[in-house]
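**Student:** only geometry, no sequence info:
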């Protein structure tokens, strides 16, 4: 393989921030090199086989664990799955915009008002055209105006969603019977076949799986190939070990090709970190970069990841006899809080989404002891709803470097500390009560509600702002005090709203790209 030694723009990470920025810069004729520690996903029988892809050890498991102190017990090893395209290759395809009110900041721990210290320096109106472009690039399916909390739009969705399968129709009808306002969940999937890659066959292997026919609009399928068609280069299986700076400029990155072990340095005029809300602050901290002002001490802090749970119910008959993709329904009624008289915290709660039931093997692996065989046997009769609530940013929730522990590359370990506030859990529990009411209305019996411990929605660890003493990045997502060092993954977000952050990260990367190219 070739080992490039220079590029005008070096982008670290090929997730939503890195891929969308690479596309914009390459389209404008810039020299772009994307460095990705993951490998290109293979599209073969392993894509849809949980016993090859996921169990017992994930096929794309990364080389280095995250060490997480997240519930007060022993530190846990969390192993990322590393692919070109980042988390998008196995994500659930949800492409929601943040609500306009989310840009005013996160909820307070007490009271109904939002915390101005977490407000955004850019408004929803400024993001809107970039949201539209991100939706176009991913060919998102949805129905404009159907979601009662949807922010203003300048255009409709690129495609319409398909008809609802039986499990989704049950959820929809039950929600309406309870006086709620279900809508179609915007999904980045090629349902209509107008994109050059595969047309969705509506199978049940989408979330947690690779798409063998490339109907899912993950970034290794739809954005990175376009960037590469304009000349961008993607160097996979390559880990960035550190960023080198002189004065107010970042001038190179030290890298290692993981399979061969070769180490070298790549010089550049622009360094853009998009290694995720855990990886980017880690790289800044391990490289000794603090930036200017008091915001330098905030690198890695204010980690949020949403407070999530899944409510599961049991039906007497098979829930999804046709074994179709069934993640179609959004229930947004409680996004801004509960109606008068409802038990739950003041201020925003979040959303409820229909979610695909995992396959039996995955359920058996993840279910609590004593319930593994029962849960796996019951899988065809299960129906589930996902509840997503915004968690309040706390300075104590953070990413940091522990030099006492090292990984296989000799690098200090990436450590995570996270705790939820009581209000975070109260909002999730309030949503779960609504979810159980909906499931009961379908004729199912709620049997289990479990929390989800994941960092797939992690944001906030290098938040941007107008004041260098209270933010890590300026409004253009440049590290304060540096001319050419940027962060464009979810780290930049000072609050996370209650929606999946992927589309917002992509839209922001397009915005930053436009600034870089003088538009």
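**Tutor:** It's in. Note that the structure is predicted; figures quoted are calculated from it, not measured. Residues are numbered from 1 along each chain as shown.

**Student:** partner strands of the longest strand anywhere in the chain, with direction?
**Tutor:** Secondary structure of the chain per DSSP state E: the longest strand is strand 263-273. Partners of strand 263-273 in the sheet, by DSSP bridges, are strand 6-12 (parallel), strand 249-257 (antiparallel), strand 485-487 (parallel).

**Student:** so what touches that strand?
**Tutor:** Strand 263-273 has contacts (C-beta atoms under 8 Å, 6 or more residues apart in numbering) with 3-13, 17-18, 21, 33, 35, 241, 243-244, 250-257, 279-280, 283-284, 484-489, 491, 516. For the C-beta atoms, the positions are set from N, CA and C on the backbone; glycine is no exception.

**Student:** go again with 6 Å.
**Tutor:** 3, 5-12, 243, 250, 252-254, 256, 280, 283, 484-488 (C-beta atoms under 6 Å, 6 or more residues apart in numbering).

**Student:** cool, and stretch 25-43?
**Tutor:** Contacts for stretch 25-43 (C-beta under 6 Å, 6+ apart): 4, 7-12, 14, 18, 22, 82-84, 89, 210, 212, 220, 227, 230-240, 513, 517.

**Student:** from those residues, which would you call buried?
**Tutor:** When these are checked for burial by 16 or more other C-beta atoms under 10 Å, the buried set is 7, 9-12, 14, 18, 22, 82-84, 89, 210, 212, 220, 227, 230, 232-240, 513.

**Student:** pull the contacting residues for residue 76.
**Tutor:** residue 68.

**Student:** okay, and the beta partners of it?
**Tutor:** residue 68.

**Student:** and for residue 233?
**Tutor:** Under the criterion used (DSSP bridges), residue 233 bridges to residue 33.

**Student:** state the distance from it to residue 16.
**Tutor:** According to C-beta to C-beta, to the nearest Å, residue 233 and residue 16 sit 19 Å apart.

**Student:** and what of residue 272?
**Tutor:** Taking C-beta to C-beta, one finds residue 272 at 13 Å from residue 16.

**Student:** one step back: next SSE after the longest strand of the chain?
**Tutor:** Remark: after strand 263-273, the chain's next helix or strand is helix 276-286, criterion DSSP states H and E.

**Student:** angle of that next one against strand 249-257?
**Tutor:** 110 degrees (axes from the mean of the first three to the mean of the last three C-alpha atoms, to 10 degrees).

**Student:** who does helix 276-286 touch, helix- and strand-wise?
**Tutor:** strand 398-406 (3 or more C-beta pairs under 6 Å, 6 or more residues apart in numbering; DSSP states H and E).

**Student:** how far off centre is the next helix or strand after the strand it packs on?
**Tutor:** Going down the chain from strand 398-406, the next helix or strand is strand 412-417, by DSSP H and E. How far strand 412-417 lies from its chain's middle: 20 Å, per C-alpha atoms, centre = their mean, to the nearest Å.

**Student:** show me where the stretch 51-200 of the chain has helices.
**Tutor:** In the stretch 51-200 of the chain, the helices defined using DSSP state H, counting those that start in this stretch lie at 124-138, 166-177.

**Student:** these into CSV, with extra columns for distance to residue 159, mean pLDDT and mean neighbour count?
**Tutor:** Rendered in CSV, the data for these read as follows (distance: least, C-beta to C-beta, whole Å; pLDDT from 0 to 100; neighbours: other C-beta atoms under 10 Å):
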stretch, distance to residue 159, mean pLDDT, mean neighbour count
helix 124-138, 10, 98, 20
helix 166-177, 17, 98, 20
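
**Student:** to residue 422, which of the ones you listed lies closest?
**Tutor:** helix 166-177 (28.0 Å; C-beta to C-beta).
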